[in-house]
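**Q** Give the three-dimensional model of this entry:
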Amino acid sequence: MNTIRLTRTDAALIYGLGAAALALSYTALADLAARAGLGQWQSAVWPLVVDGLIVAATRTVVTLDDGPARRYAWTLLWSAVVVSVAGNAAHLLLPPGPVHPGVATVVAVVPPVAALALTHLAIVRARVLASAASTGDNNRPENIITELIAADDAPASPASAQLTVVPAPEPPSVAVEDDASGDALRRRARQLRAEGWSNYAIADEIGKSEATVRRWLAAAVAS
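**A** Alright, predicted model coming up:
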């Protein structure tokens, strides 16, 4: 897989437009909350609950692999998006002044529901990361290295010994440097996987292909 990195211009556009969109959404949702009967500081906080849930769910979606936890995060993400879009539309379409009691009721129940959803999301994500960390602890790097050395030292059959071509030895310093670099990347990949990173995210971080990361992790689990 080719590594794709954002330029500073692309990053500035993404973050700038995202901040502008959140600011506009915040203004509309805060006004809707005030018209629903919430106080001044409550109206200022209410949009943060709605759009904050979008940010939290998005972070979980992009940092976890496919599974129940990621599907739950997707559900929360789209639910929060629906509430945010509906709130912005209601702010535009409803007549000025206090809103209908039904709309005010929806505004009132959003914060406790969001609190419950965020708490559950945090617990689910923590369990996934703890499980990944436990799997990583059971596959120590020295065990993998020992098995590879044992396989290399296995006696060759007579037929294979006759056909063996001994290559010219490479400088020891180069071999040691390459082995150390490869071991460091494998340890980094296992560490990121233990933290809940996806294979594609790990590949982008260490500059390797997703297939290489998947092979390293599979070898670690198999050992």
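**Q** Now do the same for the spatially most central residue of the chain: its pLDDT.
**A** Nearest to the geometric centre of the chain sits Thr63, at 0.9 Å (C-alpha atoms, centre = their mean). You'll see Thr63 listed with a pLDDT of 83.
**Q** how close does the spatially closest residue to it that is not a sequence neighbour sit to Ala132?
**A** Spatially, and ignoring its direct neighbours in sequence, Thr63 is nearest to Gly196 (5.5 Å; C-beta to C-beta, 6 or more residues apart in numbering). No exception for glycine: its C-beta is placed from N, CA and C like everyone else's. According to C-beta to C-beta, to the nearest Å, Gly196 and Ala132 sit 6 Å apart.
**Q** Please enumerate the helices of this protein.
**A** Counting by DSSP state H, one finds helices in the chain at the ranges 8-35, 40-63, 68-93, 101-137, 141-152, 158-162, 172-194, 199-206, 210-222.
**Q** List the buried residues of the first one.
**A** Read it as helix 8-35. The neighbour-count check on helix 8-35 (16 or more other C-beta atoms under 10 Å) flags Leu22, Ser25, Tyr26, Ala28, Leu29, Ala30, Leu32, Ala33, Ala34, Arg35 as buried.
**Q** quick check: angle from it to helix 40-63?
**A** With axes from the mean of the first three to the mean of the last three C-alpha atoms, to 10 degrees applied, the angle from helix 8-35 to helix 40-63 works out at 140 degrees.
**Q** repeat for the fourth one
**A** Put simply, helix 101-137 runs at 40 degrees to helix 40-63, going by the same axes, to 10 degrees.
**Q** out of the buried residues of helix 8-35, which one sits closest to Leu92?
**A** Here the nearest of the buried residues of helix 8-35 to Leu92, counting by C-beta to C-beta, is Ala28; it sits at 7.4 Å.
**Q** ok, now how distant is the closest one from Ala219?
**A** Counting by C-beta to C-beta, the gap from Ala28 to Ala219 is 52 Å.
**Q** And for Arg125?
**A** Arg125 sits 26 Å away from Ala219, taking C-beta to C-beta as the criterion.
**Q** who has more neighbours, these two?
**A** Arg125 (20 against 14; other C-beta atoms under 10 Å).
**Q** For that one, which non-adjacent residue is spatially closest?
**A** That would be Thr60: by C-beta to C-beta, 6+ apart, it lies 5.5 Å from Arg125.
**Q** circling back: turn the buried residues of helix 8-35 into CSV, columns for distance to Arg71 and pLDDT.
**A** Output for the buried residues of helix 8-35, formatted as CSV (distance: C-beta to C-beta, whole Å; pLDDT from 0 to 100):
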residue, distance to Arg71, pLDDT
Leu22, 25, 87
Ser25, 25, 90
Tyr26, 28, 90
Ala28, 30, 90
Leu29, 27, 93
Ala30, 31, 91
Leu32, 30, 92
Ala33, 30, 91
Ala34, 35, 92
Arg35, 35, 91
